[in-house]
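> structure here, sequence nowhere to be found:
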């Protein structure tokens, strides 16, 4: 039963619409599993879910194919099509 719940928690986020939502869902589910196993507590799973979700969002947003991040002469970052 425990393995089934873990598998469902990892597969369910893949049904999300955008890459950012999928990244957040997969990161949160993975973080919750790792946090729960590492600390053997619900609190550890909750902290792992928060950290994993945030990391998933950041990774998903950074992975836009065909776009690169540049800096202008003032040091500001901007995103544009790769040259």
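Yep, it's here. Note that the coordinates shown come from a computational prediction; the quantities given were computed from them, not determined experimentally.

> what residues are up against the closest residue in space to residue 38 that isn't next to it in sequence?
If you skip the residues right next to it in sequence, residue 38 has residue 44 as its closest partner in space, 6.1 Å away by C-beta to C-beta, 6 or more residues apart in numbering. C-beta here means a position set from N, CA and C on the backbone, and glycine is covered the same way. Applying C-beta atoms under 8 Å, 6 or more residues apart in numbering, one finds that residue 44 lies in contact with 35-36, 38.

> which of the residues you listed sits closest to residue 80?
residue 35 (37.4 Å; C-beta to C-beta).

> rewinding a little: now the residue nearest to residue 38: which helix or strand?
When elements are defined using DSSP states H and E, residue 44 is found to belong to helix 42-62.

> same check, this time on residue 27
Element membership for residue 27, per DSSP H and E: helix 19-39.

> and the residue positioned nearest the centre of the chain, how far from residue 70?
Centroid check for the chain by C-alpha atoms, centre = their mean gives residue 56 as the closest residue, at 1.2 Å. With the distance defined as C-beta to C-beta, to the nearest Å, residue 56 ends up 25 Å from residue 70.

> next one: residue 78
Using C-beta to C-beta, one gets 6 Å for the distance from residue 78 to residue 70.

> now do the helix or strand that the helix holding residue 44 is followed by: distance to the chain's middle.
Where DSSP H and E defines the elements, the next helix or strand beyond helix 42-62 is strand 67-71. Going by C-alpha atoms, centre = their mean, to the nearest Å, the spacing between the C-alpha centre of strand 67-71 and its chain's C-alpha centre is 21 Å.
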